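> Here is a sequence with its predicted model. Questions after.
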Amino acid sequence: MCNINPHKVCNIWYIFESNTQCGYERQQRPGRGGLRLSSGPHDRKTIAMEIFEAAPPGGGPSLALHGGAGGRVEELTVAPYAEGLLAAYRAGWQVLASGGHALDAVCASVEVLENDPQFNAGRGAALTATGCAELDASVMTGAGLAGAVAASKYARNPVRLARAVMEHTEHVLIVDPDVEFLERYGLEVVERGYFITEARQQQLDRVIDGRAVAARHGTVGAVARDDAGRVAAATSTGGMAGQADGRVGDSPIVGAGVYARDNVAAISCTGHGEAFMRGVVAYDVAARIRYAGAGLAEAVRETFEQELAQRGSTGGLVAVGGDGRIVVAHNSPAMFSARGTGPEPALTT
Ligand code: ASP
């Protein structure tokens, strides 16, 4: 039985019994409508864009990952984040170095980040307004196959689930699949509490108190081009801290938070999802290359300017071109990334 406290004016607050369904035990949370996503079209944290470009490797593979845009710089520069990114890069690189498919590489990297509670994906994901983890993920190959899941609650690795949607169903996006669906495809099932960490509960408290606007998003993602020239992208997230239950951002939306097309580019995004959806950001980058003949970095710059900066929105992306060129870009205060064309990546914030 819920009682409404009428004295909180910024949100409607509900006092409710501990929510055992999603495995957390807090007494006070805002209602299901969530908190206003204040990094919306009028985000004041937009900064000058930072962009890194690495030349094509001369035929060999390329790999780039992001650990999310929107974290606080001081968080992102601490060693454990770098170690997490490094482990994820190595998992992906191992696939590419042994001649594996770009899809296997991006999934291997993202899985490592989903298992690392520091990142906003899988275990340690950002929590909804009622303190639950609702996970979104997507994969896409340059050959045009795609799979995604939204509001996933039981798959230990949402990126695997997205891949299963791509490989085993006739659909592209499935919302809130049940345990039976996961078991049918041999995916590991976990209790909802598995995803919830103390750090994310504290983050949610800060968001509710209005003390953590800039750190509300995160997301992880990877792009790769393999030895055979195939590209792929994967994105995985818990969404934005304090989001309404049921809210879905750009990460599982093909063309918004993920896109891949052989001989053009593979792109994985992070940032304020509503802006990335309105700007169809991942596809916009690819379209500039495909139809307007833009270079990868030029396409990324123009998309950021026209689809994000002009709307006052923040975020970042990693992209790999059809020639293996890598671009890492963000206009948020920070974005942690790893990129490379060999076993040791360059790490950037
Ligand atoms: N793009 C994600 C979303 O809006 C959040 C993020 O990238 O941090 O759900």
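Right, received. Where do you want to start? Keep in mind that what you see is a predicted model, and the values were worked out from it rather than measured.

> which stretches of the stretch 1-150 of the chain form helices?
For the stretch 1-150 of the chain, the helices defined by DSSP state H, counting those that start in this stretch occupy 73-76, 79-97, 102-115.

> Looking at the shortest one now, give me its mean pLDDT.
Helix 73-76 comes out with an average pLDDT of 54.

> And stretch 123-139, by the same measure?
96.

> Now do the end-to-end distance for that stretch.
Using C-alpha to C-alpha, to the nearest Å, the end-to-end distance of stretch 123-139 comes out at 19 Å.

> re the thing from before, pick the most deeply packed of the helices of the stretch 1-150 of the chain.
Highest mean neighbour count of the helices of the stretch 1-150 of the chain: helix 102-115, a mean of 27 (counted as mean count of other C-beta atoms under 10 Å). In this view, the C-beta of every residue, glycine as well, is placed from N, C-alpha and C.

> Now do the contacts for the closest residue to Val172 other than its chain neighbours.
In space, and not counting its chain neighbours, Val172 is closest to Ala146: 5.2 Å by C-beta to C-beta, 6 or more residues apart in numbering. Ala146 is in contact with Ser138, Val139, Met140, Met166, Val172, Val254, Val258, counting by C-beta atoms under 8 Å, 6 or more residues apart in numbering.

> Please report the distance of Ala146 from His171.
10 Å (C-beta to C-beta, to the nearest Å).

> same check, this time on Ser138
12 Å.

> So between these two, which is more surrounded?
Taking other C-beta atoms under 10 Å, Ser138 and His171 do not tie; Ser138 has more neighbours (35 against 11).

> Can you give me every residue that contacts the more buried one?
146-149, 162, 234-236, 251-254, 257-258 are the contacts of Ser138 under C-beta under 8 Å, 6+ apart.

> Roughly how far does it sit from Ser236?
8 Å.

> quick one on the thing from earlier: just checking: which of the contacts of Ser138 also lie near the ligand?
Ser251, Gly257 (C-beta under 6 Å from any ligand atom).

> In the chain, which residue is most central in space?
Residue closest to the average C-alpha location in the chain (C-alpha atoms, centre = their mean): Thr219, at 3.0 Å.

> That residue touches Ser251, doesn't it?
Yes: using C-beta atoms under 8 Å, Thr219 makes contact with Ser251 at a distance of 5.9 Å.

> who touches both of those two?
Joint contacts of Thr219 and Ser251 (C-beta under 8 Å, 6+ apart) are Thr235, Ser236, Thr237, Gly257, Cys269, Thr270.

> Would you mind checking those for buried ones?
Buried subset of the shared contacts of Thr219 and Ser251 (neighbour count, 16 or more other C-beta atoms under 10 Å): Thr235, Ser236, Thr237, Gly257, Cys269, Thr270.

> From what I see, the second one and Pro158 are in contact.
By that I understand Ser236. Yes: applying C-beta under 8 Å, one finds Ser236 in contact with Pro158, separated by 5.4 Å.

> okay, and the common contacts of those two?
With C-beta under 8 Å, 6+ apart as the test, Ser236 and Pro158 both reach Glu114, Ala121, Gly122, Leu135, Asp136, Ala137.

> what's the distance between the residue nearest to Val172 and Val248?
Taking C-beta to C-beta as the measure, Ala146 and Val248 are separated by 16 Å.

> where exactly do the helices run in the stretch 201-349 of the chain?
Under DSSP H, counting those that start in this stretch, the stretch 201-349 of the chain gives helices at 273-278, 281-292, 296-303.

> Of those helices, which is nearest the ligand?
Nearest to the ligand among these is helix 273-278; the distance by C-beta to the nearest ligand atom comes to 2.2 Å.

> Check the offset of the closest one from the chain's centre.
13 Å (C-alpha atoms, centre = their mean, to the nearest Å).

> so which of the contacts of Ser138 is the most crowded?
Thr235 (38 neighbours).

> Next, the contact list for that one, please.
Applying C-beta under 8 Å, 6+ apart, the residues near Thr235 are 110, 137-138, 219-221, 251-252, 257-258, 268-270.

> tell me, what's touching Ser138 and His171 both at once?
Contacts common to Ser138 and His171, judged by C-beta under 8 Å, 6+ apart, are Gly147.
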